[in-house]
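Asker: I need the structure of the sequence given here:
(chains A and B)
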Number of protein chains: 2
Amino acid sequence: MRKSLCERLIAVVKLNPYSTPRSYTIMASNGATPPVTVQSLNPKVLKCEYAVRGEIVSVAQKLQQDLQANPGSHPFQEILYCNIGNPQSLGQKPITFFREVLALCDHPALLDKRETNTLFSADSIKRALMILDQIPGRATGAYSHSQGIKGLRDTIASGIEARDGFPADPNDIFLTDGASPGVHMMMQLLIRSENDGILCPIPQYPLYSASIALHGGTLVRYYLDEATGWGLEVSELKKQLEAARQNGITVRALVAINPGNPTGQVLAEENQRQIVDFCKKEGLVLLADEVYQENIYAPDKKFHSFKKICRSMGYGDKDIPLVSFQSVSKGYHGECGKRGGYMEVTGFSSEVREQFYKVASVNLCSNISGQILASLVMSPPKVGDESYDAYLCERDGILKSLARRAKTLEDAFNSLEGVSCNKAEGAMYLFPQIKLPKKAIKAAEEAKKAADTYYAIRLLNATGVVMVPGSGFGQVPGTWHFRCTILPPEDKIPAIVSQLTDFHTSFMNEFRD
Amino acid sequence: MRKSLCERLIAVVKLNPYSTPRSYTIMASNGATPPVTVQSLNPKVLKCEYAVRGEIVSVAQKLQQDLQANPGSHPFQEILYCNIGNPQSLGQKPITFFREVLALCDHPALLDKRETNTLFSADSIKRALMILDQIPGRATGAYSHSQGIKGLRDTIASGIEARDGFPADPNDIFLTDGASPGVHMMMQLLIRSENDGILCPIPQYPLYSASIALHGGTLVRYYLDEATGWGLEVSELKKQLEAARQNGITVRALVAINPGNPTGQVLAEENQRQIVDFCKKEGLVLLADEVYQENIYAPDKKFHSFKKICRSMGYGDKDIPLVSFQSVSKGYHGECGKRGGYMEVTGFSSEVREQFYKVASVNLCSNISGQILASLVMSPPKVGDESYDAYLCERDGILKSLARRAKTLEDAFNSLEGVSCNKAEGAMYLFPQIKLPKKAIKAAEEAKKAADTYYAIRLLNATGVVMVPGSGFGQVPGTWHFRCTILPPEDKIPAIVSQLTDFHTSFMNEFRD
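Answerer: Take a look at the predicted model:
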């Protein structure tokens, strides 16, 4: 009996290497705590990777500095950032109505001035007044309720109702500084140890792997099927869930990214129903990353929120725990720097919800400009409003241009030797596969780099085009990809295509087997 | 030998109850993951407490709803929030210059309009143009560098240099959404397990205990000496450090809050030097919460940053790891809702700094309005600027009024039977001690509440005045306190004093031993 207990304890310590009492080993000889080194940092932090801002970006920043200091020092004039979903950094203009409202809420004294009526649209003034009336004391500089300003949550809930045709409760909304802090919060709540797993798509947006690593959980991969346009097959979900459970992992949640990042697919309604049933049957929390809900380019595709799917299947609030993430960073507005967003949290008991609230409270509240913007995104100008025509023109101009850019880049990738690229049905990315010659893979090995990283760095050094290697997002072992955003200004797309084509041809000529 | 290993392992498991492999026990009978319950959430979350937005605030919100629905339903007309450092929620006006600049940066199209010159001060226009020029592509809606916009960090570094008289490096600045995310980040980096401890003052701002709990570390308390005006004695630090080390805790950092929250003291320069030497000798990271650096009311006191103290002692960047937190939420500006702030990180190796950068990158960047505001706070209008006189009038009006309010409330507390209150030399709080009669303590026990919570709830129900019980901040066992902000509008202070006095008299009459 004693032996068996001891053996179990040995197993526990092996499972959790961090539980070794470190104080026995790391005391400095003079009794002081030894200096902070990388080795003495939280190992969860060391384990975390975040490719979107990784090595490629550092190289790009260095090249940019070179170009500024010594124009002509490289065979290109500028760095073309196709690595990150950051539209306004690439020249996309903000929606005028949104910025008018923000400016008026930032400096409400403007509302008392006559000149304001000539400088601002009538409906932006009306909206700013409405929002200020929703804020206790009109204090846009005060901490709000930990979930966000109630009146803004009312507006967002109405927007969700209008989108889905099903009721939404403002008390289910937690406003957040972009979607990322919401994702972290859910990981923090659900993950107890490395025995807790989260099912994530591969390829995935690396926020998920990073956040799971930071909170000490286990990433349980499910692979999207590239051959069927990055299809999300329930058979694959089942297979990976079973395998994880056999390894002693309690799988607590499933992440679905729709439209997909980095893969750009839009899930079919029937597929979403299968995913919901799978989560219901297996007891999983459904974490629905729906931040690209406005970015749909394929005419035959439509966005359906997972909440709408659940409700249309007859599942009510008690039936399935579901968290839907939305952000002001994406869509046609692309207000990344404003750090606004929300999560709609349904299907948890009130006791569990109290814990969500407590965690939200520790950070007090999300930023008020971001909160206001989240309400605007979910309730833009309507027919009859003074700004409506201008808004529509700005919005559709952006979305139509993104659709054109997606098509041009998709065609360009598909015309390259050994490259195949699925359609970008939505989101802001293409994730082409590249079949690299063995010689190139060998050259990469010699350079101690993953083969896709090697290609991406060569591309960057030759053309100034920045794309993120697929290994940062995960891919089927032995395949190579990169993520390319569709965001560079439309007039620069032809140059990107031609530089990419020239580089690729010369790369293949160098390495072709 | 075997037995001794087993005993060690038993000790490990006792130390870390979370390391038990949960997957053996929590699988539901049908094989599905069981539903999310409070018991199945991350136990670190359950352990975390956050008093500032706890029970008292819930009761206050309910009373406020009552008053709105049924005016006259309580013996007071309004809720007087003295519980949270949220100046603008209590009517404090924002600094005009700051808001002008924010509005112009939010809607840069205004800068092309003639009317703008009559609506905005000349220096706010100039500053907005300067800031826009510092932002690549003038894109205030784009994600920035993960540490924040370089030009804004330059401005902040200059502000620090002007404040301290020692150099500051913009590469040491990490802009954050208020100070709280910076504190969380440091805890995340430093805490590996419950064997890692952080020395924190008691009483403390509960962000620290909450953050340490969320990251699974151990709070190592050191007590501030109430008898010497909440003095921070190095002998006490030594005593607690030794005790923690004897319990197998690796103490990694010391938190110093200066000016103090909730205690309002301003550390003397000599005391700060002792603290620096203590951290240096013991190998501790010094986490300096300096968010109240502008809030000094005692004419004989002055704020000195810990960085200035270190440098003036001859300690350079290599000698001592130091993180200084600053926020736009406090000071005279009180822009809590804007969620701006920064941490200045010095004394770590470049490899460790890379890990800081990586963690900052996972959340992309802090919000740009908050970033801009942080630069404004560290570089307000100067002599000769059009806004200077108005700015000075607004700033000094607020600070002088806060000083008067602090004195009035301090005197009021000291006039109450059994209550003694140290001076608020700085920050925004008083932390009076109340000697509660035994009968009151017994009544609290019967109501299953801490005695100070019992008092605070009775006070709230009788008067509408909201104060946070001392137990939320920590206090010497057997003593009772509450935290009262000095923020209610000056014209409401007399009513608060009179209601508090009446309540206290009647409470003491009810319970006097």
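Asker: residue ranges with poor pLDDT in chain A?
Answerer: Applying pLDDT under 70 to chain A flags the ranges A:1-29, A:51-53.
Asker: got the residue ranges for the helices in the stretch 251-400 of chain A?
Answerer: Shown for the stretch 251-400 of chain A, the helices assigned by DSSP state H, counting those that start in this stretch span residues A:269-282, A:306-312, A:350-362, A:368-377, A:388-414.
Asker: who wins for proximity to residue B:146 among those helices?
Answerer: Proximity to residue B:146 (CB to CB) singles out helix A:368-377 among the helices of the stretch 251-400 of chain A, at 17.6 Å. Yep, even glycine has a C-beta here, placed from its N, CA and C like the rest.
Asker: just checking, what packs against the closest one?
Answerer: If contacts are counted by 3 or more CB pairs under 8 Å, 6 or more residues apart in numbering or on different chains; DSSP states H and E, helix A:368-377 sits against helix A:96-106, helix A:122-134, helix A:150-164, strand A:173-176, strand A:341-346.
Asker: name the residues of the stretch 301-450 of chain A found near chain B, please.
Answerer: Residues of the stretch 301-450 of chain A found near chain B (CB under 8 Å from any CB of the partner chain) are A:321, A:329, A:333-339, A:348-349, A:351-352, A:355, A:358-359, A:361-370.
Asker: residue A:343 touches residue A:327, doesn't it?
Answerer: No - here residue A:343 lies out of contact with residue A:327, judged by CB atoms under 8 Å, at a distance of 9.8 Å.
Asker: mutual contacts of these two, please.
Answerer: Listed as contacting both residue A:343 and residue A:327 by CB atoms under 8 Å, 6 or more residues apart in numbering or on different chains are residue A:179.
Asker: which of the two has more neighbours?
Answerer: residue A:327 (31 against 26; other CB atoms under 10 Å in any protein chain shown).
Asker: how near is the more buried one to residue B:289?
Answerer: Using CB to CB, to the nearest Å, we find residue A:327 at a distance of 30 Å from residue B:289.
Asker: ok, residue A:76 next?
Answerer: For residue A:76, the distance to residue B:289 - CB to CB - is 47 Å.
Asker: cool, and residue A:315?
Answerer: For residue A:315, the distance to residue B:289 - CB to CB - is 46 Å.
Asker: which one's more surrounded, those two?
Answerer: residue B:289 (27 against 19).
Asker: and stretch A:224-240, is it in reach of chain B?
Answerer: No - between stretch A:224-240 and chain B, judged by CB under 8 Å from any CB, nothing touches; the nearest distance is 11.4 Å.
Asker: now tell me what touches that stretch from outside.
Answerer: Against stretch A:224-240 from outside (CB under 8 Å, 6+ apart): A:199, A:201-203, A:220-223, A:254, A:256, A:260, A:263-265, A:267, A:271, A:274-275, A:278, A:422-423, A:425, A:431, A:433, A:476, A:479.
Asker: tell me the buried residues in that stretch?
Answerer: Buried residues in stretch A:224-240, counted by 16 or more other CB atoms under 10 Å in any protein chain shown: A:224, A:226, A:229, A:230, A:232, A:233, A:236, A:237, A:240.
Asker: adding distance to residue A:390, write these out as a markdown table.
Answerer: Output for the buried residues of stretch A:224-240, formatted as a markdown table (distance: CB to CB, whole Å):
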| residue | distance to residue A:390 |
| --- | --- |
| A:224 | 39 |
| A:226 | 41 |
| A:229 | 36 |
| A:230 | 36 |
| A:232 | 38 |
| A:233 | 44 |
| A:236 | 45 |
| A:237 | 44 |
| A:240 | 48 |
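Asker: right, and residue A:165 touches residue A:308 too?
Answerer: Yes - Residue A:165 is within contact range of residue A:308, at 6.9 Å (criterion: CB under 8 Å).
Asker: for the two, work out which one has more neighbours and name it.
Answerer: Remark: of residue A:165 and residue A:308, residue A:308 carries more neighbours, 18 against 10, as counted by other CB under 10 Å.
Asker: correct me, but that one touches residue A:164?
Answerer: Yes - assessed by CB under 8 Å, residue A:308 is found in contact with residue A:164 at 3.9 Å.
Asker: identify the residue spatially nearest to the residue most central in space within chain A, adjacent ones excluded.
Answerer: Nearest residue to the geometric centre of chain A (CA atoms, centre = their mean): residue A:205, 5.7 Å. Nearest-residue entry for residue A:205: residue A:261, 4.4 Å, with adjacent residues in sequence omitted and distances by CB to CB, 6 or more residues apart in numbering or on different chains.
Asker: can you name the residues that contact the one you found?
Answerer: Residue A:261 makes contacts with A:85, A:204, A:205, A:289, A:291, A:292, A:427, A:428, A:429, as judged by CB under 8 Å, 6+ apart.
Asker: so what's the fourth one bridging to?
Answerer: As for beta bridges, residue A:289 partners with residue A:257, residue A:325 under DSSP bridges.
Asker: quick one: residue A:171 is in a helix?
Answerer: Yes - Residue A:171 forms part of a helix when assessed by DSSP: H, G, I helix; E, B strand; the rest coil.
Asker: pick out the most distant pair among the contacts of residue A:261.
Answerer: Maximum distance among the contacts of residue A:261 (CB to CB): 15.4 Å, for A:204 and A:428.
Asker: the more surrounded of those two?
Answerer: For residue A:204 versus residue A:428, the count of surrounding residues by other CB under 10 Å is larger for residue A:428: 27 against 23.
Asker: right, and the more buried one touches residue A:402 too?
Answerer: Yes - applying CB under 8 Å, one finds residue A:428 in contact with residue A:402, separated by 7.1 Å.
Asker: any common contacting residues for the two?
Answerer: Contacts common to residue A:428 and residue A:402, judged by CB under 8 Å, 6+ apart, are A:295, A:486, A:487.
Asker: of those, closest to chain B?
Answerer: residue A:487 (10.7 Å; CB to the nearest CB).
Asker: what kind of secondary structure is that closest one in?
Answerer: On the basis of three-state DSSP, residue A:487 is classed as coil.
Asker: that one and residue B:142, how far apart?
Answerer: 11 Å.
Asker: joint contacts of these two?
Answerer: A:86, A:87.
Asker: more neighbours, the two?
Answerer: A direct count of neighbours by other CB under 10 Å for residue A:487 and residue B:142 places residue B:142 higher, at 27 against 22.
Asker: right, and that one touches residue A:89 too?
Answerer: Yes - Residue B:142 is within contact range of residue A:89, at 3.7 Å (criterion: CB under 8 Å).
Asker: need the overlap of contacts for the two.
Answerer: A:336, B:136.
Asker: just to revisit the earlier point, would you list the buried entries among the residues of the stretch 301-450 of chain A next to chain B?
Answerer: By 16+ other CB under 10 Å, those give A:321, A:329, A:333-339, A:348, A:352, A:355, A:358-359, A:361-370 as buried.
Asker: correct me, but residue A:102 touches residue A:371?
Answerer: No - contact between residue A:102 and residue A:371 fails when scored by CB under 8 Å: they sit 10.8 Å apart.
Asker: still on that earlier bit, tell me which of the helices of the stretch 251-400 of chain A sits nearest to residue B:93.
Answerer: Closest among those, using CB to CB: helix A:368-377, at 15.6 Å.
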